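> Sequence below, structure please.
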Amino acid sequence: MDKQDTLPNMSTRTNVSQMDGQGFVHGVYSLVNPQIGTTRNGEPFLKCLLRDATGEAIGRMWRFDPATMHDISSTGFVRIEGTQEMYQEKLQIKIGEIWPHEPTSDELTELLPCSRKNIDEMYAEVTALLQSLEHPAAKAMAEAYLGDSDLMDDFRVAPAAMQIHHAWIGGLLEHTLQLMKMANEILPSYPRLNRDIVLIGLFIHDLGKVEELRWDTGFQYTREGNLIGHIARGAMWLEEKAKVAEASMGSALPDGFLTVLQHIVLSHHGQLEHGAAKLPSTPEAMFVSQLDNLDAQVQTTLDVARPWEQSVTGDEAFTERIWSLGTKLYKRDPLRDE
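A predicted model of the protein is given here:
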């Protein structure tokens with residue numbers, strides 16, 4: 001009998017959230033960012049992240065044949081046997097055996113993290129906010145996107161990122177809705193900002209991620225994601241949707257409307273070194289960029305410092321340094337962790 005046939009099935013898989021750095025590990029996991037490294041002795045080894053719906057852990061396979069890399073990464077999921085340990089205060093899985101795995105639809109629900117919020121309800125809230133736009137051109141542009149059923153189907157389930165923030169099924173929708181709701185509450189304090197431009201700008205700012213990322217084989221970058229990226233794709237889509245909007249209106253969009261929306265997409269990362277194609281140069285673009293950064297950074301700090309269903313002990317008061325934030329985080333809430 002092939003050894004793979006003797007491995008435990010998914011029902012006995014070790015959830016990442018249950019790992020404590022001791023004992024045997026087995027089961028199917030999402031394989032994230034697999035790479036071949038070289039030891040001090042010049043031997044190749046596999047380094048990766050292993051993920052399920054409950055969390056992720058560093059994976060290392062010290063005796064690894066690089067010729068097998070294509071096979072094990074072909075589906076985005078692997079079945080492994082190994083042991084768990086703590087290395088530099090981080091959970092690490094020492095992989096002994098690894099095989100490619102084609103997950104069933106039921107397994108995918110256990111392997112890919114999903115939003116804790118209802119997808120249909122979130123999408124209905126986004127739609128309602130877009131329907132509250134006032135200018136006919138803004139309404140027509142919103143309808144051009146909402147009428148693209150394939151795009152909206154992907155928008156409902158796409159992750160917002162591979163690892164950093166809202167990296168789960170429905171994460172892009174959740175992030176977009178959060179921004180639009182926050183904007184709707186804050187905008188009355190800034191009456192000179194154009195509400196229509198801000199709301200539609202927030203709606204489209206990350207839409208290109210439905211082409212940048214794939215989630216059917218774990219969370220990975222697509223070819224288009226690697227070569228074009230979501231910012232450029234979002235700006236390109238605006239050209240297409242503008243034509244649809246003009247056809248539905250029977251007239252041209254107001255002069256400059258398309259340009260300021262493209263500028264929001266191109267500048268929403270805020271800084272050139274953070275991937276922005278342009279610096280935010282309109283009041284609405286600045287607002288979108290700042291709000292986007294707020295939600296992304298706060299969500300990241302919460303996911304790292306205060307993940308769901310995880311208690312904090314005195315010995316674990318600080319995280320390690322988070323590269324995207326440039327600091328380590330204090331995890332305890334003194335009013336709750338008593």
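
> Please work out the average pLDDT along stretch 272-282.
Across stretch 272-282, pLDDT averages out at 92.

> How about stretch 167-175?
If you average the pLDDT over stretch 167-175, you get 91.

> ok, residues contacting that stretch?
Under the criterion Cβ atoms under 8 Å, 6 or more residues apart in numbering, residues 112-115, 117, 119, 122-123, 126, 155-161, 165-166, 206-207, 209-210, 215, 219, 295-296, 299 lie in contact with stretch 167-175. All C-beta spots, glycine's among them, are computed from the backbone N, C-alpha and C.

> Out of the residues you listed, which end up buried?
Neighbour counting by 16 or more other Cβ atoms under 10 Å classes 112-113, 115, 122-123, 126, 155-161, 165-166, 206-207, 209-210, 215, 219, 295-296, 299 among those as buried.

> Flag every buried residue along stretch 291-309.
291-292, 295-296, 299-301, 303-305.

> Just the strands from the stretch 1-150 of the chain, written as ranges.
24-38, 44-52, 55-61, 77-87, 90-100 (DSSP state E, counting those that start in this stretch).

> Of those, which is nearest E107?
strand 24-38 (6.2 Å; Cβ to Cβ).

> just checking, L238 touches V265?
Yes. Counting by Cβ atoms under 8 Å, L238 touches V265, with 6.8 Å between them.

> Would you mind telling me which of those two has the busier surroundings?
The neighbour count for L238 versus V265, taken as other Cβ atoms under 10 Å, is higher for V265 (28 against 22).

> Give me the distance between the more buried one and S289.
11 Å (Cβ to Cβ, to the nearest Å).

> so what's the residue nearest the centre of the chain up against?
Nearest to the geometric centre of the chain sits A161, at 2.0 Å (Cα atoms, centre = their mean). Contact analysis of A161 by Cβ under 8 Å, 6+ apart lists 167, 171, 209, 213, 219.

> which one among those gets closest to G250?
Taking the contacts of A161 together and measuring to G250 by Cβ to Cβ, the closest member is K209, at 32.1 Å.

> Report the inter-axis angle for the longest helix along the chain versus strand 55-61.
Ranked by residue count under DSSP state H, the longest helix found in the chain is helix 283-305. Orientation of helix 283-305 against strand 55-61 (axes from the mean of the first three to the mean of the last three Cα atoms, to 10 degrees) gives an angle of 70 degrees.

> Could you export helix 283-305 as PDB, CA atoms only?
Extracted C-alpha coordinates of helix 283-305, given in PDB (Å, rounded to 0.1, in the frame of the first residue of the first chain):
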ATOM      1  CA  PRO A 283      -9.000  65.900  -1.200                       C
ATOM      2  CA  GLU A 284     -11.100  62.800  -2.000                       C
ATOM      3  CA  ALA A 285      -8.000  60.700  -2.900                       C
ATOM      4  CA  MET A 286      -6.300  61.800   0.300                       C
ATOM      5  CA  PHE A 287      -9.400  60.800   2.300                       C
ATOM      6  CA  VAL A 288      -9.600  57.400   0.600                       C
ATOM      7  CA  SER A 289      -5.900  56.700   1.100                       C
ATOM      8  CA  GLN A 290      -5.900  57.600   4.800                       C
ATOM      9  CA  LEU A 291      -9.100  55.600   5.500                       C
ATOM     10  CA  ASP A 292      -7.800  52.600   3.600                       C
ATOM     11  CA  ASN A 293      -4.600  52.700   5.600                       C
ATOM     12  CA  LEU A 294      -6.400  53.000   8.900                       C
ATOM     13  CA  ASP A 295      -8.600  50.000   8.300                       C
ATOM     14  CA  ALA A 296      -5.700  47.900   7.000                       C
ATOM     15  CA  GLN A 297      -3.400  48.700   9.900                       C
ATOM     16  CA  VAL A 298      -5.900  48.400  12.600                       C
ATOM     17  CA  GLN A 299      -7.200  45.000  11.200                       C
ATOM     18  CA  THR A 300      -3.600  43.800  11.000                       C
ATOM     19  CA  THR A 301      -2.800  44.800  14.600                       C
ATOM     20  CA  LEU A 302      -6.000  43.000  15.800                       C
ATOM     21  CA  ASP A 303      -5.300  39.900  13.800                       C
ATOM     22  CA  VAL A 304      -1.800  39.700  15.100                       C
ATOM     23  CA  ALA A 305      -2.100  40.900  18.700                       C
END
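
> centre of the chain versus that helix, how much separation?
The chain centroid and the centroid of helix 283-305 are separated by 14 Å under Cα atoms, centre = their mean, to the nearest Å.

> For that helix, name the packing helices and strands.
Counting contacts by 3 or more Cβ pairs under 8 Å, 6 or more residues apart in numbering; DSSP states H and E, helix 283-305 packs against helix 171-186, helix 195-204, helix 257-267.
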